[in-house]
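1. Please find the sequence and the predicted model below.
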Amino acid sequence: MLGNILYGFVILIHVAASIVLILVILFQAGRGGGLSESFGGSSTQTIFGTKTNVFLTRATAVSAVVYLSTCLLLGVMTSHRGRSLVARGSVALPVSGGAPASGGTPQPLPEDATPLDF
């Protein structure tokens, strides 16, 4: 139960970090001006102040670290969750004491049986 709640929380953090990382990268002004230049010149400098480049660089680094950390954590958590109940040993397989069901060991044909031609 607690594992499912923690797994959902890590997924929520992962999605939030993904969205923040996408937005921060799109706001950065690159060689071509970036998406921020398309919407009215240097609007990010007026929103975030004069040290926009420093802020966006740090925000990119932090969100990238959070994103990669949650990727690794989700990979580890999924590998532990992926085991079947039988492999964990928590479910006992039913054992039948009688004749095997369909798909059991093949039985020899009776002596008076004729082979079928197709």
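-> Received the coordinates, thanks. Numbering: from 1, shown residues only.
2. Remind me what the longest helix anywhere in the chain packs against, helices and strands.
-> For the chain, the helix with the greatest residue count under DSSP state H is helix 52-81. Here helix 52-81 touches helix 2-27, helix 43-48, going by 3 or more Cβ pairs under 8 Å, 6 or more residues apart in numbering; DSSP states H and E. C-beta here means a position set from N, CA and C on the backbone, and glycine is covered the same way.
3. wait, which of the ones you listed is closest to residue 105?
-> helix 2-27 (41.3 Å; Cβ to Cβ).
4. List the buried residues for the closest one?
-> Residues of helix 2-27 classed as buried: 7, 13-14, 17, 20-21, 24-25, 27 (neighbour count, 16 or more other Cβ atoms under 10 Å).
5. how much does it deviate in direction from helix 52-81?
-> Here helix 2-27 runs at an angle of 150 degrees relative to helix 52-81 (axes from the mean of the first three to the mean of the last three Cα atoms, to 10 degrees).
6. If you count contacts, what does helix 2-27 end up packed against?
-> Using 3+ Cβ pairs under 8 Å, 6+ apart: helix 2-27 touches helix 34-38, helix 52-81.
7. at 6 Å instead, please
-> Using 3 or more Cβ pairs under 6 Å, 6 or more residues apart in numbering; DSSP states H and E, the elements in contact with helix 2-27 are helix 52-81.
8. Give me the buried positions along the helix it packs on.
-> Buried positions in helix 52-81, judged by neighbour count with 16+ other Cβ under 10 Å: 52, 55-56, 59-60, 63, 66-67, 70, 77.
9. Name the nearest of those relative to residue 3.
-> residue 77 (7.8 Å).
10. Name the nearest of the buried residues of helix 52-81 relative to residue 1.
-> The closest of those, once distances to residue 1 are taken by Cβ to Cβ, is residue 77, at 14.6 Å.
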